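Student: coords please:
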Amino acid sequence: MANYDISQYRDMTPVEVRHHIRNGEIKIPTAGMAAGYAQANLVILPPELAADFKRFAEYNPGPCPVLEILEHGPQTHEMAADGNIITDIPEYFIYRNGKLAERCYDATPYWQEGMVGFLIGCSFSFEEALMRAGIEVRHIATGRNVPMYKTNIMTKPAGPFSGPVVCSMRPMTPADAQRAYEITAAMPHVHGAPLHIGDPAEIGIKDINHPDYGEAVEIRPGEVTVFWPCGVTPQAAVENARPPLVITHSPGHMFITDILNSELNDFLAAKKDR
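Tutor: Here you go, the predicted structure:
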């Protein structure tokens, strides 16, 4: 298993980290980078599918909390002053007709005029709050990518988009799991409370040591597995919808925003009021 060292990027500003990503100097998962700042998942779709995907996100706010919609080019306006969603993520997935066809470090060659981008809230944001409360986040502590699993919990469909909810998992003591539930329940824009605590088989996961995305982490005696809805869920929906071309982030490789985790919920609530 990989052991990613993000120590040199932990105290950088989001602008600095995005600059290193844009220059091809960072190609690893971003958990823990630009500490304190919100990170985002990404889906970029052909324009004719944007309305259906927006409804899909609205129907499924747990796994798909939308932070920003980009309809006039890849440059961000609300989540980052100088961000670019096709250059500022360490690794991208390119889907063709619902199949993962390619991976790349710069999605510029795949961008087509009129495409619409969706930045979606990420559980990396609530991890800061967990660690501040003294709760270990195993994949960060061991330098791995967060493990993610397709479940038997189904999303509410919209247009061609449907499929299972993908969950990210963090093992904890039962006491820490209860505290983690309380902390994340107050953060609905970054997935909110866990969907499940306990036996993975109850949500359709046959082998906890073989995640569908990311990397397995150690589960110690006496710990329980805690599952949160995950922003990789749209990738499972893309597999079912089979659009001709979709660009997404590679799971664990996120867009780093200029918004502090501690301010994200208030920022989005104010945006909604406007």
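Student: nearest residue to residue 108 other than its sequence neighbours?
Tutor: Nearest non-adjacent residue to residue 108, counting by CB to CB, 6 or more residues apart in numbering: residue 86, 5.3 Å away. Just so you know, the C-beta spots here come from the backbone N, C-alpha and C atoms, and that holds for glycine as well.
Student: Isn't the one you found up against residue 111?
Tutor: Yes. When contacts are counted by CB atoms under 8 Å, residue 86 is listed as touching residue 111 (5.1 Å).
Student: Between the two, which contacts overlap?
Tutor: Contact criterion CB atoms under 8 Å, 6 or more residues apart in numbering; residues shared by residue 86 and residue 111: 44, 74, 247.
Student: So which of residue 86 and residue 111 has more stuff around it?
Tutor: Counted by other CB atoms under 10 Å, residue 86 and residue 111 do not tie: residue 86 has more neighbours, with 21 against 18.
Student: For residue 251, see how far away the more buried one is.
Tutor: According to CB to CB, to the nearest Å, residue 86 and residue 251 sit 18 Å apart.
Student: what do you get for residue 187?
Tutor: Plainly put, residue 187 is 20 Å away from residue 251 if you go by CB to CB.
Student: Of the two, give the one with the bigger neighbour count.
Tutor: residue 251 (24 against 19).
Student: quick one: contacts for that one?
Tutor: Neighbouring residues of residue 251 by CB under 8 Å, 6+ apart: 145, 146, 148, 213, 214, 232, 235.
Student: Turn those residues into a markdown table, columns for pLDDT, distance to residue 126 and neighbour count.
Tutor: What follows is the contacts of residue 251, written out as a markdown table (pLDDT from 0 to 100; distance: CB to CB, whole Å; neighbours: other CB atoms under 10 Å):
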| residue | pLDDT | distance to residue 126 | neighbour count |
| --- | --- | --- | --- |
| 145 | 87 | 17 | 23 |
| 146 | 91 | 12 | 27 |
| 148 | 94 | 15 | 24 |
| 213 | 91 | 18 | 20 |
| 214 | 90 | 16 | 21 |
| 232 | 88 | 16 | 29 |
| 235 | 90 | 20 | 25 |
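Student: Strands - which of these land there?
Tutor: Counting by DSSP state E, those place residue 148 in strands.
Student: Mind jotting down where the helices sit in the stretch 1-150 of the chain?
Tutor: 7-10, 14-22, 50-59, 124-132, 138-141 (DSSP state H, counting those that start in this stretch).
Student: just the ones you listed: most buried one?
Tutor: Of all the helices of the stretch 1-150 of the chain, helix 124-132 has the most neighbours on average by mean count of other CB atoms under 10 Å, namely a mean of 21.
Student: care to break the protein down by domain?
Tutor: Listed domain ranges for the chain are 7-123+235-273, 126-229 (source: automatic domain parsing).
Student: For residue 163, which of the helices of the stretch 1-150 of the chain is the nearest?
Tutor: When the helices of the stretch 1-150 of the chain are compared by CB to CB, helix 50-59 sits nearest residue 163, at 9.7 Å.
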